[in-house]
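>>> structure for the following, please:
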Amino acid sequence: MIKIYNWHPILALIVALNIIILPELFERQKITSALAQTNLGDIQNHWAKACIQDLLDQKIISGDYESGTFRPNVPVTRAEFAAMVTKAFPDAKLVREPIKFVDVPQDYWAYDAIEKSYEIGFLSGYIGRTFNPTLKIKRWEVLAALTGGLNYKASTSVEQKLNTIFDDADAIPEASTKAIAAATEKGIVVNYPNVRKFNPTQDATRSDVAVFLCQAIANTQTTNNEFVSQVPSEYIARISIGTQSTTTANLPETSTKTTESTTNTNPKIPAPTATENTEPPGIVERFGNGNLQAEIIYDQANSTDLVTNLRLKIIRSGENIFSEPIPVKSLADNPEADTAMEILAGRFVKVQLLDLDGNGESEILVDLVTINNNDVPLDGGTYSLIYRYDPTQNKYSMLRHFWGNVNYRLTDLDNDNIPEFKSVDSRFNNAFSNLNDSVLPIRIWRYRQGEILDVTREYPVQINNNASELWLEFYRRSSQNQEVKGVLAAYLANQYMLGQKEDGWKLIEKVYQDSDREAYFASLRQFLADKGYDTNQ
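Next comes the predicted model:
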């Protein structure tokens, strides 16, 4: 039996709603679908009127029936985009199991749309199981969501394509360059009034989302009787098909020579080239920051997103000073791990050149999502490899950090222009609940001079916010007679981090009254001590 003390859940609910969901949810005006014959006054002379009207007619987007307006310049929230994209692609296949976001109550107006947008692969959560429904969505985020949901793939060098089509390509977040390149190839990037000005980090307006959707929907149609996009062609960013190519290089890298392939019908598989070196070729992606350039070289299997044989090359001021395979050893207790194959097979590669410790020198951050292969003792999950420059020896050293089966978000929490790694503690997965029901406590990390440090305790505001989310989730689960041991464990971990261990235990002991409470409490105490949460041990 779960004993619920009303004062704490209500207080947590008020805190969580103010922090996470925001008051706008309760003041939201009722928006109804505009009828086809309704003339919305603010789009009559709009450059995207034809596209907007088509989407209105199909009830993919809505106008404000009471005011007779569409509000084309109003920013779109993540919840609103979820509602639009699920209507735009109603037949999209489910690609992953549903999850429950702790900041999206079941009676929230966009609950079903948010859940479906996740299941069909268009949108994902933020840290842990939060969705941030009222957060305004950026232009690049809309296009990345469409690219992911529609499974678009870029076929040529990302940096090469984007720099030739957008004047502000440098403003595109590094992690989204592949997605934006693929969206550009598919013709769904629309820029008004200057087609070469992408403005990736601006909030996406209702008209922005409308034209992106018009182009994306048109791409999925196959007959003349179906949807035809009416977006003015002069605002559609395009790349000439005739100039597309796949950059290849030889592995291992012995020179800076590369070759261009224009005859390969599958752009993911490099075409054979006539070179003196007979080693197998690899795909090359380049990243630059001033006098610092990095190249990732890898092979990609046919019809999969699996990449293998990764290699990193670093060039400073034109000099190649680093060229080595990217190693990931097992973190598991396996006696054969040291002799195991170290070259990783993974499903995602992200490279960022960032000053992570504020010393004025950019580190090279490589993120890999690994595969748990029975033949190779590697822990499946997310690895970050941080390469740091030593000017005294003119060489790079590497730090490896394993995040588990979660990811992180780089964010400047204390406004000192140095980012922190905001993540969650994946060690709680399967500890007190199954994987699908797991709820994880917050963890914050900082990189300084070759070390990555757990600095969670330095950010009590973020811990408190996470604790409020967890208590709201506990209250929801307990009211529905669902398993709560996992969420209580995560909540108590936050109380430990805040220095409120005793108060946390008093509350847990009051609200959890099931017959296994003594065994659960003993196991939980030992788990928190083993994982380093109990500072007294």
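
>>> now the strands for the protein?
In the chain, the segments counted as strands under DSSP state E are 246-250, 259-261, 281-289, 292-300, 307-316, 319-325, 346-354, 363-370, 382-390, 395-404, 409-411, 420-424, 442-448, 451-454.

>>> so for Phe101, which of the ones you listed sits nearest?
strand 420-424 (13.7 Å; Cβ to Cβ). Every C-beta, even on glycine, is put in place using the N, C-alpha and C of the backbone.

>>> what stretches of the stretch 201-350 of the chain score poorly on pLDDT?
221-229, 240-281, 301-306, 328-349 (pLDDT under 70).

>>> contacting residues for the nearest residue to Leu413 once chain neighbours are set aside?
With Cβ to Cβ, 6 or more residues apart in numbering as the criterion, Leu413 has its nearest non-adjacent residue at 4.9 Å, and that residue is Glu420. The contact partners of Glu420, by Cβ atoms under 8 Å, 6 or more residues apart in numbering, come to Leu410, Thr411, Asp412, Leu413, Asp414, Ile444, Trp445, Arg446, Val455, Tyr459.

>>> let's see that with 10 Å instead.
Shown in contact with Glu420 (Cβ atoms under 10 Å, 6 or more residues apart in numbering): 356, 408-414, 444-447, 455-456, 458-459, 462.

>>> mind putting the strands of the chain into a markdown table with distance to Phe70?
As requested, those are arranged in a markdown table below (distance: least, Cβ to Cβ, whole Å):
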| stretch | distance to Phe70 |
| --- | --- |
| strand 246-250 | 42 |
| strand 259-261 | 46 |
| strand 281-289 | 40 |
| strand 292-300 | 43 |
| strand 307-316 | 43 |
| strand 319-325 | 53 |
| strand 346-354 | 37 |
| strand 363-370 | 40 |
| strand 382-390 | 41 |
| strand 395-404 | 42 |
| strand 409-411 | 33 |
| strand 420-424 | 36 |
| strand 442-448 | 39 |
| strand 451-454 | 48 |
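
>>> helices of this protein, residue ranges please.
7-16, 24-27, 49-57, 78-88, 111-119, 139-149, 158-165, 177-185, 206-220, 460-479, 485-497, 501-511, 517-530 (DSSP state H).

>>> ranking the ones you listed by mean pLDDT, which is last?
Note on the helices of the chain: lowest mean pLDDT is at helix 24-27, with a mean of 34.

>>> per-domain residue ranges of this structure.
1-30+411-537, 32-235, 283-405 (automatic domain parsing).

>>> most tightly packed of these?
domain 32-235 (a mean of 19; mean count of other Cβ atoms under 10 Å).

>>> run the chain-centre distance for that one.
Mean C-alpha position of domain 32-235 versus that of the full chain (Cα atoms, centre = their mean, to the nearest Å) differs by 16 Å.

>>> quick one: low-confidence ranges for the stretch 351-500 of the chain?
371-380, 435-436.

>>> ok so, going back, what would the helices of the chain look like in TSV with distance to Arg286?
As requested, the helices of the chain are exported to TSV (distance: least, Cβ to Cβ, whole Å):
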stretch	distance to Arg286
helix 7-16	44
helix 24-27	43
helix 49-57	35
helix 78-88	32
helix 111-119	33
helix 139-149	20
helix 158-165	5
helix 177-185	11
helix 206-220	27
helix 460-479	35
helix 485-497	41
helix 501-511	49
helix 517-530	44
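
>>> among those helices, which comes closest to Glu361?
With Cβ to Cβ as the yardstick, what comes closest out of the helices of the chain is helix 158-165 (21.5 Å).

>>> run through who's touching that closest one.
154-155, 157, 168-170, 172, 174, 176-182, 184-185, 189, 191, 195-196, 198, 200, 237-240, 243-245, 247, 285-288, 293.

>>> could you redo the last one with a cut-off of 8 Å?
154, 169, 172, 177-178, 180-181, 184-185, 196, 237-239, 247, 285-288.

>>> what do you get for stretch 497-511?
By Cβ under 8 Å, 6+ apart, stretch 497-511 touches 2-5, 8, 441, 456-457, 460, 463-464, 467, 474, 478, 488, 491-492, 494-496, 517, 521, 524, 533-534.

>>> ok, the nearest residue to Val211 once chain neighbours are set aside - contacts?
Setting aside the residues directly before and after it, Val211 is nearest to Val190 in space (Cβ to Cβ, 6+ apart), at 4.2 Å. Val190 makes contact with Asp208, Val211, Phe212, Gln215, Val231, Tyr235, Ile236, Ala237, according to Cβ under 8 Å, 6+ apart.

>>> now Val190: how far from Tyr235?
Using Cβ to Cβ, to the nearest Å, we find Val190 at a distance of 5 Å from Tyr235.

>>> overlap in contacts, these two.
Val211.

>>> pretty sure Arg78 sits against Pro133.
Yes. Contact criterion Cβ atoms under 8 Å: Arg78 and Pro133 qualify, at 5.6 Å.

>>> what sits in contact with each of these two?
Ile114.

>>> now the nearest residue to Asn494 once chain neighbours are set aside: how far from Ile217?
If you skip the residues right next to it in sequence, Asn494 has Ala467 as its closest partner in space, 4.2 Å away by Cβ to Cβ, 6+ apart. Distance of Ala467 to Ile217, computed by Cβ to Cβ: 42 Å.
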